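Chemist: dropping the sequence and predicted coords here.
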Amino acid sequence: MARRWTKEEIDFLKKNYDKLTVKQIAEILGRSVNSVQHKAIRLGLRKTYNYYNIGRGLFKILEKKIMESV
């Protein structure tokens with residue numbers, strides 16, 4: 001039988017969904033990746049533009065190169 005989500009787990013998920021990978025959240029909460037993904041969908045959580053570019057800076061580098069070439 002599936003374990004119910006606690007308020008603390010839901011709060012953690014909401015606070016960190018855009019900062020950590022689903023795998024990291026699953027490991028921290030002791031849940032499966034599938035469980036975390038499903039709960040995030042049910043809560044309407046989405047990864048934002050910032051999540052996909054944090055620490056990479058790739059978009060900014062590419063954008064700068066494009067602007068320099070125009």
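Modeler: In hand now; what should we look at?
Chemist: please point out which parts of stretch 38-51 sit buried.
Modeler: Across stretch 38-51, burial judged by 16 or more other Cβ atoms under 10 Å covers Lys39, Ala40. Just so you know, the C-beta spots here come from the backbone N, C-alpha and C atoms, and that holds for glycine as well.
Chemist: chain center to it: distance?
Modeler: Here the centre of stretch 38-51 is set off from its chain's centre by 7 Å, with Cα atoms, centre = their mean, to the nearest Å.
Chemist: again, but for stretch 26-38
Modeler: Using Cα atoms, centre = their mean, the offset of stretch 26-38 from its chain centre is 12 Å.
Chemist: span of that stretch from start to end?
Modeler: For stretch 26-38, the first and last residues are 11 Å from each other (Cα to Cα, to the nearest Å).
Chemist: show me the shaky parts of this protein.
Modeler: Scanning the chain for pLDDT under 70 picks out the ranges 49-63, 70.
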